[in-house]
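Q: please work out how this folds:
(6 chains, ligands or ions: 2)
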Amino acid sequence: MLLTLIIVLPFIGSVCAALLPTNARNAEAWLAGAVAVTCALLVGSQYFAVAGGGVVRTAWAWLPQAGLDVYFRMDAYAWLFALLVSFIGALVVLYARYYMSPEDPVPRFFSFLLAFMGAMLGTILSGNLIQLVVFWELTSLTSFMLIGYWYHLADARRGARMALIVTVGGGFCLLLGMLLLGEIVGSYDLDRVLAAGDAIRAHAWYGPMLVLIVVGVITKSAQFPFHFWLPHAMTAPTPVSAYLHSAAMVKAGVFLLARFWPALHGTGLWFWLICTAGATSLLLGAFSALFQRDMKGVLAYSTISHLGLITLLLGMDTELALVAAVFHMLNHATFKASLFMATGIVDHETGTRDLKRLSGLRHAMPITASIAAVAAGAMAGVPLLNGFLSKEMFFEESIVAGSASEVRFALPLIATLWGIFSVAYSARFIHQVFFGPPARDLPRPPHEPTRGMIVPSALLVVACLLVGVVPAVTLGPLLKEAAFSLLGPDLPEYELAVWHGVSTPFVMSLVALGGGMAFYAFLVKRGLAMMPAPLLSRLDARRAFDLVNVAIVRGADKAAHAIFSSRLQPQLLLIVASALLAAAVALQDTVFVGNAPLTPPDPLFVLLWIGGAACALGAAQQAKFHRFAALTMLGGAGLVTCLTFAWFSAPDLALTQISVEVVTVTLLLLGLRWLPPRILSDDERRRTARARLRRARDLALAVAAGTGFAAITFALLTRPPMLGLASFFVEHALEHGGGRNVVNVILVDFRGFDTLGEITVLGIVALVVYALLRRFRPAPESVDVPDAQREDEAREAAFGAPRDLLPQGYMKVPAVLARLLLPIAAFISFYFLLRGHNAPGGGFVGGLVMATGFIVQYMVGGTIWVESRLKIHPQLWVALGLLAAVGAGMGAWLSSRPFLTAVAADVRLPFVGGVHVSSVLLFDFGVYMLVIGATVLMLVALAHQSLRSPRKRAALDGLTEPLEEPDEALR
Amino acid sequence: MTLADLPLWASLPASLLLVAGGLFTLIGSIGLVRLRDFYSRMHPPTMGATLGTGCMLLASMLVSAALLHRPVVHEILIAVFVVLTAPITAILLMRAARHRPRR
Amino acid sequence: MNALIMHLPILPIVVPLVAGAVLMLLAEEHRAWRLTIAFSSLVVQLAVAVALLYLSTDAVPDIWSEGVGVYALGAWPTPFGILLVVDRLSALMLTLTAIVSLAGLVYAMAGWERPPQPLHSLYQLLMMGLNGAFLTGDLFNLFVFFEVLLAASYGLLLRGAGVQRVRNALHYIAVNLVASLFFLIGVALIYGTLGTLNMADLLGKVALLAPPERALFDTGAAILGIAFLVKAGSWPLNFWLPGSYSVALPPVAAVFAMLTKVGVYALLRIGTLLGEDEAAAAILGPILFYFGFATLLAGTAGMLATQHLRRLVSYSVIVSSGLLLATLGVGSEALTPAALFYFATSVLTTCAFFMVTGMTDRTRIAADSAAVPSADAAAAVVPPTPAYVAFGVREPQPYDTSEEVGAAIPAAMAFLGLMFVCCVLLVAGLPPLPSFVAKFALLQAAIHSAPEVHVPAEAWALVVGILATGFAQIIALTRIGVRLFWAGTGRRTPRLRVLEAAPVAVVVVLCLALSAMSGTAMRFFEAAAQSLHAPEVYTRIVLSAPGADQPSGGERR
Amino acid sequence: MNAILGYALWVAASCVVLGMLCALVRLFRGPRAQDRVLALDTFYTNGMQLLLLLGIRSISTMYFDMALLIALFGFASTIALAKFVLRGEVIEP
Amino acid sequence: MEIVYALAIGVLAGAGVWLLLRPRTFQVIIGLSLLSYATNLFIFGMGRLTLHRPPIIDEEGAIDAALYADPVPQALVLTAIVIGFATTALFLVVLIALRGLSGTDHVDGRERD
Amino acid sequence: MRFARPPLVLALALLGIWLLLYQTLTPGIVALGAVLALLVSWTSTTLRPARPKIRQWHVAFGLLFLVLADIVRSNLAVARIVLGLERGRAVRSGFIEIPLDLRDPHGLAVLAAIVTATPGTVWAELSPSGGTLTLHMLDIGDEDAWIRWFKERYERRLMRVFE
Ligand code: NA
Ligand code: NA
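A: Ligands and ions are numbered 1, 2, ... in the order given. Take a look at the predicted model:
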């Protein structure tokens, strides 16, 4: 429970911090400080629980099915790190209170700082591999926010993103590694994993798993070859660097490596993989640090180097090396945090971190200088400071481990070389900033900072000193507990002491100290102190990162262009081709001729379809240049289709097909007016070879599609029918459906639900069409009255004024006749509506007949004339039709039957006799209304577009009598 | 009931009417192809629409009446409809032909 | 009460239909009424969906046995009438639909719904289509509901007009029309060979087919599959998707989160039914896997390539589709629960992210016209020549973002940033949001079952694919996020209304809750997957549905 | 001897279908738009007659209904096409 | 007759597919119409071809379903026709809108160069 | 003003159509038809504001039979021309102009129907003033005689019916 509190507290603090006002620096600091101190105290209070190999555990089920639990586990090792993280966290908060300027939006800073602390504590205290990855990724995310805190700086943005991409990428590798590890062990429980070392090492997946985990670790701990992000993360505010890049985040990697050391170590792969990364980083970091001009740059490379040291120690595969590694993790955290703080002070008070510009600050800021000097001493491994102790252990282990392997002399050599570089860059760091003549051209006159900034770094330096002088009574016991919790009874005997006598490591230390000082002196003397790092300076990670970024975008863009297209034709081509391919694959072993008896051949049908096919092909050929002709041919093909339906006993289909076909043609004609004219010669010259090829390809596809479709059709037509559903419907239509026309009974009763959906589609489309056309913007050249009409109108007016009873022009006679048709059409439509249940017809056909009647009136009377006399309100019809249909369905609820159950009654009326009333009729009536409304709405809305012509409007403006609003009429 | 039930007094005239109707329709359609100018082509299809359809309607009425033993006259509706609508299209098409420039 | 429970399955279809029709009747001036109706309809749908979800967990076994509810429309016997079937999967889909649409509607209330276009009606009818597609147990009825939802989506996509939108809508419509034709052909072939349309009835009848007829049936299924793959946004059948999703208005795009998922749902539903058949599974699996994996990669490439946030989100939809298809294609039942988990999170993700894009667009002052509603609408609304002048029709009001609808939220930029980050985490599958849990579960299941599946390499490829695409998504999203929130000078703090911000926040909180309740959720998904992979239970219950005994003639006539 | 009606029906139907093909020839040949409209109108008329013949053959009134509808919609189609040819738009203000 | 019927569907579908792949919006819409004719005929064909037996019950008492044409595909086609009509209408309006906004009738809203 | 007295003739005609369609005289159908006929004829006046006044019904019936006969006759004539049986003489087709006295629009409509239904003549144009009717004839014989015949046979009768 307490462990949970330790984790949750920082997150709660984070949320609270985010909600405080922007300028509440003090409140923020108090909040964050209180949280950090509380955490530290809570952790500290658990000492006796974890001492002597004790483990504190808290667990909740999270996703138990997958073995993912919330499991917090604290042993002495975790305890030590949790203490470190929360303690340094508290110091950093104090420091940041004074470091951050009043203009900085501190809620964001403290909020993410606390969140980071929580994530870090979570990583440390995780007892479940996956949960560990969760917190691990959270540290990456929060550190991204912290590094990018000053996001107005391009470098900050880049640095943050670089850090995020590298560490999250590593995190994904770690996740996979942990998944494999968990799969190997059969559990993600840390205890079980740590106990299963032999099984793990023996497993076939050990290699890939280890590589993945190591990649995760070295990305986080900025080890070669993923070290490059750390120097660029120095754009973060210095408190962030002091925390993340010394004590916390970068330590997570090596922390993890040490955590899993017992389970994973002891193979050649482990040794080579980790030692290579560690040793390379060790040297590379130290060498680069020597040539940095930015104080934080020096520290960043130094961190790479020191983490390399830790990594190398962990790779060495000896128990003592592990202890040394843990020890150095703590030491490094203390001196590096204080160095970062000192750097921050310098930056804060002088306005620069440039080693070249800075000089002689010991006069202006003696306390800072002392603190920095001591911390740098620890970094260099000067005796009596904590860094010295772990360095000695490192030297010793390099000899021990080296002797056990093929790289006998390499390791001590590397270690010594590293020592020389470390001393040199530490000396350079202090010398360039604090010694020499006082600098004159600094952005701000330097002076000591407020106490709040001094105290945290001073405390850390005191810790360095204490540990360095009396290790056995300070860190010693804690380290032993931690090491014991890692190694258990395997923990070797060792002694933390300042003086071990003159041993090889001591000699190496001396060489390093002397060599380092000499090397730095040499550089200064030669004026090379500020030169860019030889060889390495050309490897600019920032540029490389940018280049890679650009390359990714370009590459992806090229790829996306190659694999996507914003054009319609390739898409349709692919869809059709895919379907063909899929069908071809599935059809491989079918027989295309079945054995059902065929219908007797009829030459008339053949003739009919010769005509139909000619129409289809003609339409295909003419659709580009002779749209009108293509349209008439489409009409021909439609009629032949209709006749075919009639021929093969589908009267309802024939009726529907013909009515829909005609309405469609009318619709297309209405649309044709808005399409651009196309002249044959426009296109002829564009017949390039490529275009021909394209057409050949399309033709081949079309032929293939047609052939395939015909083949499948034939294959099915020659097989006996499956009458499962059909016989039920035919047998029950009259008795239970109350209708003789089985198709109609299916439509309004058996499968009335389909019809409900179908009319909904129609209603939706009408609505959409209407809405779209209200905002329609015609092409300029088609706005005006068509040429045909202008010429015709010049000769004789077709229509007259809206007040006229009949058109005054030549449309008079047609109008007389056509207006007589409307009532007739209405009657025919009623007829089809009412008898649909027993004979071909129904609401849909009836509705289309009625709608056509209306449309013909528009054709012979003109929009203005019709609408000045009649408001149709098609939208109303659509809505009421839908409601009627759905209401007919809901009627069944009253008798607690399912939706759309037919409810019928026989009513006796005076004079008329028995009348059969059924909800089915209401349903069909709904269909009827909706079809009228939708069809009229679509056609008339399209027709209304002609009103946009300025010529028409000019004529209309002259009208004195106000007319009804046609659009209102459409509602 | 099937067509075989049809008495001869009905089937003979019905057959004649049918063949005549079919021939009028066919001749009308042939005229549509054969005649040289549009105005002339306007005439023959009317044969199919009027006498062709008329004969078939009569035949239909005859057959239905003979089989159902009651007068069946609803075929008249089609005739009425054809007569009502034909002038409208004719007027529009003639006007188009006379005044629209060749496209 | 009993009657209500009995009719519960039909409500998700009837309620939006009635609401949509009533909204058509209601004039645009009655904004308050329109909003009330639209909102309450969705609330009812959500309540019904949750109730169905509860019933489907078999919590009340005396109402539905084994968590499958059947509603026989018209009281016709199975398999002759159309059935609605509620099981865990469909109830889950209904719930997701209701959540997403409610969020979208509230978001739209912040002003997106004001131009007098039939948003509310279409919105309701889209819900009807989606709910119907998820509920129906009939193959042809599925087609009908697909058409309903597509028709509504055409209308919603076209909201706001503008040449980009219309162009993409045209492509979207054309592609879907072709896909619908394939759908019809597939259904027809299945009917032609089996003589049935009831999904539960398919299984038993397929087994009886002789090889030549079987091949014809397979052809039908294959063509149907292509149609579903088009709808699911599978590469190379998805060129229409990035364009059309990225030009849709944000509240519309937010509900479009469900659209591609309908295709996946159909594949899942019918695929698992047919997957019982060994021969079918052997073909279906690899095809799905390769389509899915290609989609995964293609979507990722698209995400990396694009510089436009909405387009990027659209590509992320493709990625999630690809991931789901590839997962289904591996053919391990162990993967299904995790796939369903991922399904749910990806719906919520897409919804939240599209809503966020609507707000981030406003942070840029001089942005492209397709993104900013005010500029876009202004271009579309003012026609070159004023129309309908003669009739005095009011021109639709352009979007006026300056006018306040509801209160604005404080710290808009911080909120927006936080929501953006959450969306990034959701898309990329980073903790602590549920897509991490889902992806983890997927990975775990894939690794665990890798030695047992037909092609272990597929499982491993899936594992690598999931992680690699997640990483690529991080690269793409941080690039665009950094540019949106951190870089540049032309940024301004947008006014975010509570109505816009709240739904995003609620969806994110839901995600967090889902993440926290992963165990419970996963138990549900496991049960859902189990019933999916044991279709004989589904089949048995559906085919012996109560009320389907015989048509009760006396009452009908 | 009642087979005679069957033959008559067949002859009539053949005439009608041949007539349809003739109309199609005109539809393809044009040359002007109004020719095509006229041809399509004839096509519709012949189609209607074919349904009447089918109706006689199967002694069913439902073919009559279909014929009526073809007449109605054939007219609607023709007037729309003719209007377009003449005026350049089907429904004008 | 079956072979004629199948070939008819083939021709309609072939012409439809050809037009579908053309660059002009009008071509595409005509192609879609032809394709939907083909599809409708195809669905209808799933009930096989039946002469002179429309599914309209004209007898009383016991009914032999095998005597009638299969009504189910007919009902399906009816629904499909209506939906096809609706979507064609929508497609038409959208293509006109695109033509108005982009000035061209190319399916991509811009001429290909 | 818009909903004037329902046009009873139209209503009766509609009822007739209704009964023709249903081919039955059951009271339910008749009653429904009557109600619908009244309703439709009444509401359709909005879109059909101009109403004919038929004065002499018997003339109208007589005309009907005349026209039927003319249709048969002209059908045969045109068939001969199409089949090329008139090879003996030159068939001259062209436009002829007929001065017209009939002004009633409904009369003109019926005239148009007659002209159209008779193969061999097509309505081409009515002059804007309404004074001249242009017809196209497939076979123009004696032009003046034919005009006289036409006016006597159709126009006179129509004027008696409608004016
Ligand atoms: Na210096
Ligand atoms: Na004539």
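Q: now the helices for chain F?
A: Counting by DSSP state H, residue ranges of the helices within chain F are F:8-22, F:27-43, F:57-82, F:105-117, F:143-150, F:156-162.
Q: and chain A, is the third one touching that?
A: To tie it back to what came earlier, the one meant is helix F:57-82. No. On the criterion C-beta under 8 Å from any C-beta of the partner chain, helix F:57-82 is out of touch with chain A, staying 15.0 Å away. C-betas here are computed from N, CA, C, even on glycine.
Q: any idea how far the residue nearest the centre of chain D lies from ligand 1?
A: With distances taken as C-alpha atoms, centre = their mean, chain D has D:Tyr44 as the residue nearest its mean C-alpha position (2.0 Å). Applying C-beta to the ion, to the nearest Å, the value for D:Tyr44 to ligand 1 is 99 Å.
Q: just say which of the helices of chain F is most tucked in.
A: Of all the helices of chain F, helix F:105-117 carries the top mean neighbour count, a mean of 24, counting by mean count of other C-beta atoms under 10 Å in any protein chain shown.
Q: got the angle for that one vs helix F:143-150?
A: In terms of direction (axes from the mean of the first three to the mean of the last three C-alpha atoms, to 10 degrees), helix F:105-117 departs from helix F:143-150 by 120 degrees.
Q: and helix F:105-117, C-alpha only, in CSV?
A: Provided in CSV are the C-alpha atoms of helix F:105-117 (Å, rounded to 0.1, in the frame of the first residue of the first chain):
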residue,chain,number,x,y,z
PRO,F,105,-57.0,25.5,-76.5
HIS,F,106,-58.8,22.2,-75.7
GLY,F,107,-60.1,22.1,-79.2
LEU,F,108,-56.6,22.6,-80.5
ALA,F,109,-55.4,19.9,-78.3
VAL,F,110,-57.9,17.4,-79.7
LEU,F,111,-57.0,18.5,-83.1
ALA,F,112,-53.4,17.8,-82.4
ALA,F,113,-54.3,14.4,-81.1
ILE,F,114,-56.2,13.7,-84.2
VAL,F,115,-53.4,14.9,-86.5
THR,F,116,-50.9,12.9,-84.6
ALA,F,117,-52.8,9.8,-84.4
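Q: who does it touch, helix- and strand-wise?
A: Judged by 3 or more C-beta pairs under 8 Å, 6 or more residues apart in numbering or on different chains; DSSP states H and E, helix F:105-117 is in contact with helix A:812-835, helix B:76-99, helix F:57-82, strand F:121-126, helix F:156-162.
Q: wait, what's in contact with the closest residue to chain F within chain D?
A: For chain D and chain F, the shortest gap (C-beta to the nearest C-beta) falls at D:Thr61, measuring 7.5 Å. Taking C-beta atoms under 8 Å, 6 or more residues apart in numbering or on different chains as the criterion, D:Thr61 is in contact with A:Ala839, B:Ser64, B:His74, D:Gly55, F:Gln23.
Q: from those, which shows the smallest pLDDT?
A: For the contacts of D:Thr61, the weakest pLDDT value sits at B:His74, with 77.
Q: I'd say the residue nearest to the centre of chain D and D:Ser77 touch.
A: Yes. Contact status for D:Tyr44 versus D:Ser77: in contact at 6.9 Å, counting by C-beta atoms under 8 Å.
Q: quick one on the thing from earlier: mind checking which of the helices of chain F is nearest A:Phe899?
A: helix F:27-43 (29.3 Å; C-beta to C-beta).
Q: does the closest one reach chain B?
A: No. Helix F:27-43 does not reach chain B (C-beta under 8 Å from any C-beta); its nearest approach is 13.3 Å.
Q: where are the low-confidence patches of the chain?
A: In the absence of a named chain, this looks at chain A. Within chain A, the ranges that satisfy pLDDT under 70 run A:402-406, A:537, A:679-686, A:798, A:800, A:912, A:949-971.
Q: wrong chain, I was asking about chain C
A: C:1, C:113-117, C:161, C:364-409, C:488-491, C:545-557.
Q: if you set the cut-off to 50 instead, what comes out?
A: C:366-404, C:548-557 (pLDDT under 50).
Q: with chain D instead?
A: Along chain D, the parts satisfying pLDDT under 50 run over D:1.
Q: can you name the next helix or strand after the helix or strand hosting the residue nearest to the centre of chain D?
A: Applying DSSP states H and E as the criterion places D:Tyr44 in helix D:33-58. Sequence-wise, the next helix or strand downstream of helix D:33-58 (DSSP H and E) is helix D:61-87.
Q: now the angle from that next one to helix D:33-58?
A: In terms of direction (the same axes, to 10 degrees), helix D:61-87 departs from helix D:33-58 by 180 degrees.
Q: what angle do helix D:61-87 and helix F:8-22 make?
A: Helix D:61-87 runs at 130 degrees relative to helix F:8-22, counting by the same axes, to 10 degrees.
Q: contact partners for A:Ala40?
A: A:Ala40 neighbours (C-beta under 8 Å, 6+ apart): A:Leu83, A:Ser86, A:Phe87, A:Gly89, A:Ala90.
Q: tell me which residues touch the last one, please.
A: Contacts here follow C-beta under 8 Å, 6+ apart; on that basis A:Ala90 touches A:Gly33, A:Ala36, A:Val37, A:Ala40.
Q: same question for the fourth one.
A: By C-beta under 8 Å, 6+ apart, the residues touching A:Gly89 are A:Ala36, A:Cys39, A:Ala40, A:Leu113, A:Met117, A:Tyr243, A:Ala248.
Q: can I get those residues in TSV with secondary structure?
A: Formatted as TSV, the contacts of A:Gly89 follow (DSSP: H, G, I helix; E, B strand; the rest coil):
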residue	secondary structure
A:Ala36	helix
A:Cys39	helix
A:Ala40	helix
A:Leu113	helix
A:Met117	helix
A:Tyr243	helix
A:Ala248	coil
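Q: and which of those is nearest chain E?
A: Relative to chain E, the closest of the contacts of A:Gly89 is A:Leu113; by C-beta to the nearest C-beta it sits at 51.4 Å.
Q: pull the number of nearby residues for that closest one.
A: For A:Leu113, the count of nearby residues is 32 (other C-beta atoms under 10 Å in any protein chain shown).
Q: secondary structure class of B:Gly70, three-state.
A: Careful, residue B:70 is Arg and not Gly. B:Arg70 falls in the coil class when you classify it by three-state DSSP.
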